[in-house]
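[1] pasting the structure only:
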């Protein structure tokens, strides 16, 4: 994020199964200098009944590497996050954007080549509270047992996450001015592994992005599980809708 | 009273002359690392925060920014560079049109214009007059690879750091090529 710039993001994500629930994230972003940026997020959802504030998160990203060339760049950044949430943990799939209290740290590498953006992330998350192991009901086990069978689920307090993301600028073919809408196609592969038991999943997330007047960003995406063996995942198959308003040099003194 | 007025007028003339002697009229800057119009807009807005910048015209396909300046305001190449960096990008090339007024490049390729010290990599023992297009070839004004290559041929000891001792004082020296 440019120095002295701020941005405001509104995100809504939701799931239709078993019944429709959704979460709204209000986010403020600020660029302190060319290498350091901060985000503050607030989470609200109806995932536990009626709509309520769940908690908040503080995120920071430090860029330690920046190699620029004409129409391309290579960036390396470290990120960290601290989150709180009032929600009861129901899955080993730690989500620090609303569902869990904890911390997270990781590395992002980004390569932009003309109209193609490639990004890779590796991170580690940990909850503040260690959860007890819990029992869960696995419907697939019905076929193996005449009586409902409950399985023990390990509720560990850590998770390794990784992702590969690609974005392609489809329009405009030729730039004329800042007011031309930009149209980007995105495709992400997101995965998590529980280091305590090896449970993993891999999600696919296609998305479209429109940039208006070179300062307003709109994202629409859907995420679904391609493979995985993590029971009771809460954020399996969900949509994401996001709008971001950028205010360049809003904090500049001159 | 009249004499002070005359002296003041002469001083003013001198001052104006001094400023116009180093008038940088236009800068054409190539910014690297840009890949979308949002990045370009952030860069342009950053450049516009400098009080001596009068206009910035971008070429979004070539990532070139043509910057014009307010009259009689001193232009600082390092500040322009810093503003690009603050937006998150880098300068790949900076060409400036400088309006010289009988500026002498000495036998070593050095010219002092107002408070700026220039060292020309490819000109010496000549007088510059009128608008001349120069390229800043200092570190972070060209690509790292180009700077490494230039370091082999540019003979100034000030080239590596961009600073040197002029009249007994450590001074920022811009290295230029015509």
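    Cool, got the structure. None of these values were measured; they are calculated from a predicted model.

[2] And the pLDDT for the spatially most central residue of chain A?
    Residue closest to the mean C-alpha point of chain A, counted by C-alpha atoms, centre = their mean, is residue A:97 at 7.5 Å. pLDDT recorded at residue A:97 is 94.

[3] so how far is chain B from it?
    Distance check for residue A:97 against chain B: by C-beta to the nearest C-beta, to the nearest Å, it reads 23 Å. (C-beta placed from N, C-alpha, C; glycine too.)

[4] who's in contact with that residue?
    Residues counted as contacts of residue A:97 (C-beta atoms under 8 Å, 6 or more residues apart in numbering or on different chains) are A:25, A:41, A:43, A:57, A:83.

[5] does it count as helix, strand or coil?
    With DSSP: H, G, I helix; E, B strand; the rest coil as the basis, residue A:97 sits in coil.

[6] next one: phi and psi at it?
    The phi/psi pair for residue A:97 (degrees, to the nearest 10) reads phi -100, psi 70.

[7] which stretches of chain B aren't confidently modelled?
    B:1-22 (pLDDT under 70).

[8] again, only using 90
    Within chain B, the segments meeting pLDDT under 90 span B:1-25, B:33-38, B:60-62, B:70-74, B:98-116, B:121-130, B:143-145, B:153-157, B:164-169.

[9] mind listing the strands for the chain?
    Using chain A. In chain A, the segments counted as strands under DSSP state E are A:6-15, A:21-33, A:36-45, A:52-69, A:72-83, A:102-113, A:116-127, A:134-137, A:150-153, A:158-171, A:182-193, A:200-212, A:216-228, A:238-247.

[10] My question was about chain B, not that one.
    Using DSSP E, strands in chain B cover B:22-32, B:53-59, B:64-69, B:90-105, B:110-113, B:116-120, B:126-136, B:163-166, B:169-177.

[11] What strands flank the first one, and is each parallel or antiparallel?
    As defined by DSSP bridges, the strand partners of strand B:22-32 come to strand B:64-69 (antiparallel), strand B:90-105 (antiparallel).

[12] for residue A:237, what are its contacts?
    Residue A:237 is in contact with A:15-17, A:222-225, counting by C-beta under 8 Å, 6+ apart.

[13] And for residue B:171?
    By C-beta under 8 Å, 6+ apart, the contact set of residue B:171 is B:117, B:163-165.

[14] So how do I select the buried members of the residues you listed in ChimeraX?
    Buried subset of the contacts of residue B:171, written as a ChimeraX selection, criterion 16 or more other C-beta atoms under 10 Å in any protein chain shown:
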select /B:117,164
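
[15] Let me know the closest of the contacts of residue B:171 to chain A.
    Here the nearest of the contacts of residue B:171 to chain A, counting by C-beta to the nearest C-beta, is residue B:163; it sits at 22.7 Å.

[16] Show me what the closest one is bridged to.
    Applying DSSP bridges, one finds that residue B:163 bridges with residue B:172.

[17] Quickly list what the residue in the stretch 1-150 of chain A positioned nearest to chain B is bridged to.
    Nearest residue of the stretch 1-150 of chain A to chain B (C-beta to the nearest C-beta) works out as residue A:68 at 3.1 Å. Taking DSSP bridges as the rule, residue A:68 bridges to residue A:73.

[18] Please apply the same query to residue A:120.
    Beta bridges link residue A:120 to residue A:109, residue A:164, judged by DSSP bridges.

[19] List the contacts of it.
    A:108-110, A:162-165.

[20] Could you pick out the residues of chain A near chain B for me?
    Residues of chain A lying close to chain B (C-beta under 8 Å from any C-beta of the partner chain) are A:1-5, A:33-34, A:66, A:68-73, A:112, A:114-115, A:117, A:169, A:174-178, A:180, A:182, A:211, A:214-215, A:217, A:246, A:248-249, A:252, A:254.

[21] Please check those and keep the buried ones.
    Neighbour-count burial (16+ other C-beta under 10 Å) applied to the residues of chain A next to chain B gives A:1-5, A:34, A:66, A:68-73, A:112, A:117, A:169, A:175, A:178, A:180, A:182, A:211, A:214-215, A:217, A:246, A:248-249, A:252.
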